[in-house]
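Participant: quick one, structure for this:
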Amino acid sequence: MILLFPFILFGQKCEHSNLSDQFNISIQLKENSKKNPAFDSLYLKLIITLKDGTHTQTIRRNMAWLWDKEYFDCQNVRSYSKSINDENRVVDNDFGDFIVADLNFDQKDDFAFIHDSGGNGGPEYYFYIQKKDGTFERNIFLCEEMVRFPHEINYKKKELTTLTRAGASAVGKAIFSLNPLTNRWYLKSRELLTD
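Facilitator: Numbering: from 1, shown residues only. Next up, the predicted model:
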């Protein structure tokens with residue numbers, strides 16, 4: 001069930017040509033004509049185009065739970081590759097609706113986007129990794145195990161670190177590492193930080 005979604009949001013298209021040197025992105029939240037009881041009645045449509053104008057791919061994802069602020073402001077994006085909004089304060093693990101970053105340390109831009117507004121731990125993201133041919137593939141491990149966008153991207157150690165509220169006065173810290181030999185992710189450590 002979608003809560004308080006303004007009508008004017010449906011069909012709004014956000015065009016971004018400045019988030020990556022490798023691709024442009026068009027983002028549109030649309031009403032789903034085929035109601036799926038497992039999801040809300042919205043889906044996100046992403047059109048990724050290489051900078052030379054070649055159409056790369058279209059991604060459509062059903063959205064789980066969204067509050068009224070997600071995908072309302074086209075400027076609520078971030079790019080670590082181009083230093084756009086990367087210094088903006090992060091509140092409740094909300095890094096923005098759409099984020100460009102090199103998430104697997106191969107010097108190619110990847111991206112993440114909110115698919116669920118989440119609860120007190122903040123929004124949950126889907127993570128897409130750029131393949132050698134310039135197309136993008138959803139990374140199941142990051143989507144299902146990491147879930148939150150990382151507070152730290154450590155290129156030297158090939159690690160992503162998340163911080164998530166855990167109860168009233170603690171924070172859960174998890175470090176996810178990429179094995180360079182197998183190119184597979186694993187949970188390196190998890191700990192509870194308290195005051």
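
Participant: drop to CA atoms for contacts and neighbour counts, all remaining ones
Facilitator: Will do.

Participant: in which helix or strand does the residue positioned nearest the centre of the chain reside?
Facilitator: Nearest to the mean C-alpha position of the chain, by CA atoms, centre = their mean, lies residue 112 at 2.3 Å. For residue 112, the host element (DSSP states H and E) is strand 110-116.

Participant: run me through the strand neighbours of the helix or strand following that strand, direction for each.
Facilitator: Sequence-wise, the next helix or strand downstream of strand 110-116 (DSSP H and E) is strand 124-130. Under the criterion DSSP bridges, strand 124-130 sits next to strand 110-116 (antiparallel), strand 136-138 (antiparallel) in its sheet.

Participant: ok so, going back, what sits against the residue nearest to the centre of the chain?
Facilitator: Residue 112 makes contact with 98-100, 125-128, 149, according to CA atoms under 8 Å, 6 or more residues apart in numbering.

Participant: likewise for residue 129?
Facilitator: Residue 129 touches 103-104, 109-111, 136-139, counting by CA under 8 Å, 6+ apart.

Participant: and the worst-scoring helix or strand of the chain on mean pLDDT, what's buried?
Facilitator: Every helix and strand of the chain was ranked by mean pLDDT, DSSP states H and E. The lowest is strand 55-62, at a mean of 88. Using 16 or more other CA atoms under 10 Å as the burial criterion, the residues of strand 55-62 that qualify are 56, 62.

Participant: and it, how far from the chain's centre?
Facilitator: On the basis of CA atoms, centre = their mean, to the nearest Å, strand 55-62 sits 14 Å off its chain's mean C-alpha point.

Participant: swap in stretch 186-195?
Facilitator: 21 Å.

Participant: strands of this protein, start to end?
Facilitator: Under the criterion DSSP state E, strands of the chain are mapped to 13-16, 23-31, 42-50, 55-62, 77-79, 98-101, 110-116, 124-130, 136-138, 152-154, 159-166, 170-179, 184-194.
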